[in-house]
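*Asks:* Model the following, please.
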Amino acid sequence: MAPRKYRMDKRNEAVEETRRRIVDATVFLHGEQGIVATSWEEIAKRADVALATVYRHFPTLDELVPACGEQVAAIMKPPTPDTARGLFSSTQSQAHRIKLLVKELFEFYDRGRIFLNVALRDAHQVPALAEWVTGWESARKEIVEEALRPEGADESTARTILALTDFRVWQSLADQNVATEEAIEMISASLIRLLAEPNIPSK
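*Replies:* This next block holds a predicted model:
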């Protein structure tokens with residue numbers, strides 16, 4: 001029985017190794033040229049496996065994309081509402097919480113810029129990717145809400161904070177060669193001033 005179990009273990013290890021190589025190749029190619037633009041043939045060549053092997057492990061894109069998610073998440077380290085609660089609970093200063101909010105989001109954007117660009121570009125063609133984008137935006141809204149506790153903010157101010165902490169804002173600044181550290185200071189200062197202004201009723 002032992003030799004048979006050994007052979008099965010080795011076979012399982014080989015299957016897992018092949019799967020890992022396919023996922024590694026896919027993550028690299030998706031980051032380099034996008035999800036929709038990457039073919040199964042390119043993945044097979046990069047992973048050094050037969051095309052049929054790629055299809056055997058991942059028959060469709062909707063099965064392949066989630067399989068890459070764990071590795072991509074490990075690279076990007078996205079903040080979560082739970083981690084935000086722990087982070088923001090360390091200070092009672094609203095200004096400090098806003099600075100921490102912008103820092104957490106903008107550093108995440110910096111780490112994940114390649115994959116976030118791909119996600120926004122290809123989400124309308126890849127349902128699994130669209131689901132991730134929707135989930136992230138929901139999580140980001142919760143993170144912003146955590147940063148605004150306990151003082152809170154009116155709906156208009158909350159929307160403005162969401163807009164100014166969007167990935168596209170960071171990307172626009174990065175495109176103008178604004179370093180992430182400088183972008184954090186710039187946007188944090190703007191949001192802190194906004195929150196400090198008294199509410200002026202509209203006429």
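*Asks:* okay, now Pro66: neighbour count?
*Replies:* By other C-beta atoms under 10 Å, the residues close to Pro66 number 14. In short, each C-beta sits where N, CA and C put it, glycine included.
*Asks:* what do you get for Gly152?
*Replies:* As a burial measure, the neighbour count of Gly152 was computed by other C-beta under 10 Å and equals 10.
*Asks:* Look at it and report its pLDDT.
*Replies:* Each residue has a pLDDT score; the one for Gly152 is 79.
*Asks:* sec struct for it, please.
*Replies:* For Gly152, the assignment made with DSSP: H, G, I helix; E, B strand; the rest coil gives coil.
*Asks:* measure it to Glu41 for me?
*Replies:* 53 Å (C-beta to C-beta, to the nearest Å).
*Asks:* Tell me where the protein has helices.
*Replies:* Assigned by DSSP state H, the chain shows helices spanning 2-33, 40-47, 51-57, 61-76, 81-88, 94-122, 127-148, 155-164, 167-175, 180-196.
*Asks:* can I get the ones you listed in a markdown table with mean pLDDT?
*Replies:* Formatted as a markdown table, the entries for those read as follows, by pLDDT from 0 to 100:
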| stretch | mean pLDDT |
| --- | --- |
| helix 2-33 | 81 |
| helix 40-47 | 94 |
| helix 51-57 | 93 |
| helix 61-76 | 86 |
| helix 81-88 | 90 |
| helix 94-122 | 93 |
| helix 127-148 | 92 |
| helix 155-164 | 93 |
| helix 167-175 | 96 |
| helix 180-196 | 95 |
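*Asks:* Deepest in the core, which of the ones you listed is it.
*Replies:* Comparing the helices of the chain by mean neighbour count (mean count of other C-beta atoms under 10 Å), helix 94-122 comes out on top with a mean of 20.
*Asks:* give the contact list for the residue most central in space within the chain.
*Replies:* Nearest to the geometric centre of the chain sits Pro78, at 5.3 Å (C-alpha atoms, centre = their mean). Pro78 is in contact with 108, 112, 136, 139, counting by C-beta atoms under 8 Å, 6 or more residues apart in numbering.
*Asks:* same question, Val27
*Replies:* If you count contacts by C-beta under 8 Å, 6+ apart, Val27 has them with 68, 71-72.
*Asks:* now it: how far from Val144?
*Replies:* Distance from Val27 to Val144, counting by C-beta to C-beta: 29 Å.
*Asks:* And Thr180, by the same measure?
*Replies:* The separation that Thr180 has from Val144, given C-beta to C-beta, amounts to 19 Å.
*Asks:* Check Arg11 too.
*Replies:* Between Arg11 and Val144 the distance is 49 Å, computed by C-beta to C-beta.
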